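Colleague: Task: produce atomic coordinates for the following.
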Amino acid sequence: MVVAVHEDADLLVLQKPPGLLCVPGRGPDKQDCLSARAQALWPGALIVHRLDQATSGLVIMARHIEAQRRLSHAFAERQVHKRYQAVVQGRMQADDAQDADGWQTIDLAIAADWERRPLRVIDPVRGKPSLTRWRARRYDPAPDTTHVELEPVTGRTHQLRVHLAAVGHAILGDALYADAATQARAPRLLLHASHLAFTHPATGAELALEWVAEFEQNRPLALDL
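Modeller: Okay, the predicted model is just below:
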């Protein structure tokens with residue numbers, strides 16, 4: 001099943017559940033994916049960007065080649081505003097470097113870990129510049145977890161997961177970058193692409209779309225930090 005939060009003659013914005021690939025992988029067991037499901041309903045739909053298999057959230061697909069070209073250009077030029085929600089281990093607190101709205105940055109270069117592909121590592125020498133904006137929304141003392149909002153400025157593979165783990169706050173359920181105890185605290189990776197805002201490639205209209213994470217539904221975003 002594929003759910004569209006937006007559909008028109010030029011593009012689709014779809015809800016990707018956790019555990020589903022965006023595009024086919026290698027082997028017959030990895031052919032079920034978001035793009036294949038979308039193409040069964042909207043023939044000719046084209047992938048524009050991807051989410052990790054373990055991540056849920058909003059994904060844009062183009063309905064034709066020209067829309068794909070324009071949307072891909074918008075992503076490359078950082079003209080698509082993306083926001084994610086995550087639940088991380090421990091109390092993640094702002095410091096004096098935060099801006100007026102509570103946003104701070106993680107600025108750590110990321111490189112491929114060639115011996116353990118597809119893993120990534122923090123590497124200030126070989127790594128590519130990687131920047132993530134974050135702000136804490138709620139601390140839950142009983143489980144000792146923090147709900148954080150994330151904005152990737154750059155788009156490196158596994159960027160949000162690597163950055164949060166590197167600063168000592170791995171995402172719950174992260175099978176790649178969290179320790180065994182943190183991984184076991186959730187049945188899935190608690191990372192969700194909740195917001196997309198961009199200019200429509202054909203009409204020029206500004207689109208802003210939201211999808212609340214299932215692990216955050218019916219929970220207040222009250223600050224208690």
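Colleague: Please confirm that residue 208 is located within a strand.
Modeller: Yes. The assignment for residue 208 (DSSP: H, G, I helix; E, B strand; the rest coil) places it in a strand.
Colleague: Kindly give the local confidence score, pLDDT, for the nearest residue to it once chain neighbours are set aside.
Modeller: Computed as Cβ to Cβ, 6 or more residues apart in numbering, the closest residue to residue 208 that is not its neighbour in sequence is residue 197, at 4.2 Å. Placement of C-beta: from N, CA and C, glycine included. Residue 197 carries a pLDDT score of 98 in this model.
Colleague: beta partners for the closest residue to residue 123 other than its chain neighbours?
Modeller: Closest residue in space to residue 123, ignoring its immediate chain neighbours: residue 111 at 3.9 Å, by Cβ to Cβ, 6+ apart. The residues listed as beta-bridge partners of residue 111 by DSSP bridges are residue 121.
Colleague: And residue 111, how close does it get to residue 134?
Modeller: Distance, residue 111 to residue 134, by Cβ to Cβ, to the nearest Å: 21 Å.
Colleague: The two: which has the busier surroundings?
Modeller: A direct count of neighbours by other Cβ atoms under 10 Å for residue 111 and residue 134 places residue 134 higher, at 27 against 17.
Colleague: close enough to count as contact, that one and residue 149?
Modeller: Yes. Look at residue 134 against residue 149 with Cβ atoms under 8 Å: they come within range, at 6.8 Å.
Colleague: Look up how far residue 159 lies from residue 123.
Modeller: Distance of residue 123 to residue 159, given as Cβ to Cβ: 13 Å.
Colleague: Pick out whichever of these two has more residues nearby.
Modeller: Legend: neighbour count by other Cβ under 10 Å for residue 123 and residue 159, higher for residue 159 (21 against 14).
Colleague: which residues touch the residue most central in space within the chain?
Modeller: Nearest to the mean C-alpha position of the chain, by Cα atoms, centre = their mean, lies residue 193 at 4.4 Å. By Cβ atoms under 8 Å, 6 or more residues apart in numbering, the contact set of residue 193 is 16, 51, 55, 56, 57, 58, 59, 82, 83, 84, 211.
Colleague: where's it, which helix or strand?
Modeller: strand 191-199 (DSSP states H and E).
Colleague: Would you mark the buried spots in that strand?
Modeller: Neighbour-count burial for strand 191-199, with 16 or more other Cβ atoms under 10 Å as criterion, is recorded at 191, 192, 193, 194, 195, 196, 198.
Colleague: and which of these is nearest to residue 71?
Modeller: residue 198 (7.6 Å; Cβ to Cβ).
Colleague: what's near enough to touch residue 118?
Modeller: Contact analysis of residue 118 by Cβ under 8 Å, 6+ apart lists 112, 157, 158.
Colleague: How many residues are close by the first one?
Modeller: If I follow you right, that is residue 112. Neighbour tally, residue 112, other Cβ under 10 Å: 18.
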